[in-house]
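1. Only the shape, not the letters, is given here:
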């Protein structure tokens with residue numbers, strides 16, 4: 001019995017104490033590894049979320065910039081078309097009235113309804129010129145009458 005107690009006190013108790021100490025160290029190490037892995041996973045997730053947010057913000061900014069450029073180009077295109085039409089209108093008027101100015105003799109037949117003579121020819125030339133804004137709008141989609149009203 002004494003030998004048993006001596007064995008207990010000199011071998012078993014120190015062995016159990018060492019086993020407990022090693023298990024405690026192993027549990028602590030395991031807990032440390034788990035916590036580090038969880039922290040690393042959370043850091044990776046946060047980096048991914050931050051990168052996704054940065055990509056989203058950049059894409060939105062680029063889309064907004066592209067929309068603004070598109071609006072600017074649309075305005076520029078319309079302004080360029082109006083400018084071109086305003087430069088071409090006098091040439092169109094000259095082309096429409098050119099054959100009339102080169103004519104030596106005009107014979108007019110009238111039923112007596114409405115204007116006759118030079119005022120009839122002038123009215124027809126003016127009717128052609130008045131139809132040009134509608135023709136331009138049909139061809140280009142730009143309402144030059146409205147653009148001229150807005151600019152003046």
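-> Yep, it's here. Since the structure is predicted, the reported quantities are computational estimates derived from the model, not experimental observations.
2. Going by C-alpha atoms from here, please, whenever you check contacts or count neighbours.
-> OK.
3. Name the single longest helix found in this protein.
-> Scanning the chain for the longest helix, with DSSP state H as the assignment, gives helix 13-101.
4. Which elements pack onto the helix or strand containing residue 5?
-> Assessed by DSSP states H and E, residue 5 sits inside helix 2-7. Using 3 or more C-alpha pairs under 8 Å, 6 or more residues apart in numbering; DSSP states H and E as the contact test, no helix or strand touches helix 2-7.
5. where's that helix relative to the chain centroid, distance-wise?
-> Going by C-alpha atoms, centre = their mean, to the nearest Å, the spacing between the C-alpha centre of helix 2-7 and its chain's C-alpha centre is 88 Å.
6. what's around residue 26, how many residues?
-> For residue 26, the tally of surrounding residues (other C-alpha atoms under 10 Å) stands at 12.
7. distance of it from residue 19?
-> Residue 26 sits at a distance of 10 Å from residue 19 (criterion: C-alpha to C-alpha, to the nearest Å).
8. Give the rounded mean pLDDT of stretch 116-131.
-> On average, the pLDDT along stretch 116-131 is 76.
9. Contacts for that stretch, please.
-> 93, 96-97, 108, 110 (C-alpha atoms under 8 Å, 6 or more residues apart in numbering).
10. Good, wrapping up.
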